[in-house]
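In: With the sequence up front, the predicted model follows.
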Amino acid sequence: MKEEIGDLLLHMVFYAKIADEKGAWNITDALHEVCDKLVARHPHIYGDVEVADEEEVKKNWEQLKMKEGKKSVLGGVPKSLPAMVKAYRMQDKTKQVGFEWENSAQVWEKVEEEINEFKAVMDEATGTTEQREEEFGDILFSLINYARFEGIDPETALERVNQKFKKRFEYIEAHAPKPLVDMSLSEMDSLWNEAKEK
């Protein structure tokens, strides 16, 4: 870690030196700016604002960022994030400005609504691939929102299922009496159930 942090610092000092040579700013200016930003965004520590909990701190943080001239609450969510992580982050950020359900029952109703819309598109012979993807995406987005609402990390939950699936399928491979391509689904399913019991 020491070496990697040194590498990062080298870049920071390098960029600051370039800016200094151009007369734009220097490393001291950058450090003062980040300190000022932290003080401004933490009035519950450096000012007289009282907060009840971490959620209120997050709300204040988002509101202060908007006052600083940010154009969107979602502006700080990197476009390069994986879709599931990005959905979670966007939902968490919009929550900070009050765009949030009141209870989990409402969130689950939305999940069911999206499932029904997906079923309707799938039942229609006229549904395009794009429409089907969009409706399926709505289900995933709603499920991620429900998980977030219930304090479940959807990325962790999915990875646990991936590992469980891998372990069970590898059990099938290890205990198959013949090549998998020669086995019926019911034969493989029987081994799957054995793996499940173990």
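Out: Thanks, I have the structure now. This one's a predicted model, so the numbers in the text were calculated from it and none came from an experiment.

In: Am I right that residue 180 is in contact with residue 173?
Out: Yes - with contact defined as C-beta atoms under 8 Å, residue 180 and residue 173 form a contacting pair (6.7 Å). C-beta coordinates here come from the backbone N, C-alpha and C atoms, glycine included.

In: ok, now how distant is the residue positioned nearest the centre of the chain from residue 189?
Out: What sits nearest the mean C-alpha location of the chain, by C-alpha atoms, centre = their mean, is residue 85, with 2.1 Å. Computed as C-beta to C-beta, to the nearest Å, the residue 85 to residue 189 distance reads 33 Å.

In: now residue 162
Out: Taken as C-beta to C-beta, the span from residue 162 to residue 189 is 19 Å.

In: What is the burial count for residue 30?
Out: Residue 30 has 15 neighbours, counted by other C-beta atoms under 10 Å.

In: Nearest residue to it in space, please, no chain neighbours.
Out: Nearest residue to residue 30 in three dimensions, chain neighbours excluded: residue 16, at 6.0 Å (C-beta to C-beta, 6 or more residues apart in numbering).

In: so who does residue 46 touch?
Out: Residues in contact with residue 46 (C-beta atoms under 8 Å, 6 or more residues apart in numbering) are residue 39.

In: For the helix or strand of the chain with the lowest mean pLDDT, which outside residues touch it?
Out: Each helix and strand of the chain was given a mean pLDDT (mean pLDDT, DSSP states H and E); the minimum falls on helix 54-67 at a mean of 80. Contact with helix 54-67 is made by 40, 41, 42, 43, 44, 49, 51, 73, 76, 93, 96, 97, as judged by C-beta under 8 Å, 6+ apart.

In: Can you select the buried ones among those for me in ChimeraX?
Out: With 16 or more other C-beta atoms under 10 Å as the burial test, the buried ones among the contacts of helix 54-67 are selected in ChimeraX as follows:
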select :41,42,43,73,93,96
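
In: Looking at the contacts of helix 54-67, which is nearest residue 167?
Out: residue 93 (35.4 Å; C-beta to C-beta).

In: was I right about the closest one contacting residue 78?
Out: No - between residue 93 and residue 78 there is no contact under C-beta under 8 Å: 11.9 Å.

In: what ranges do the helices span in this protein?
Out: Assignment of helices within the chain using DSSP state H yields the ranges 2-21, 27-41, 43-46, 54-67, 83-95, 104-123, 129-149, 154-175, 185-197.

In: Any idea which of those has the lowest pLDDT on average?
Out: Mean pLDDT values for the helices of the chain show the minimum at helix 54-67, a mean of 80.
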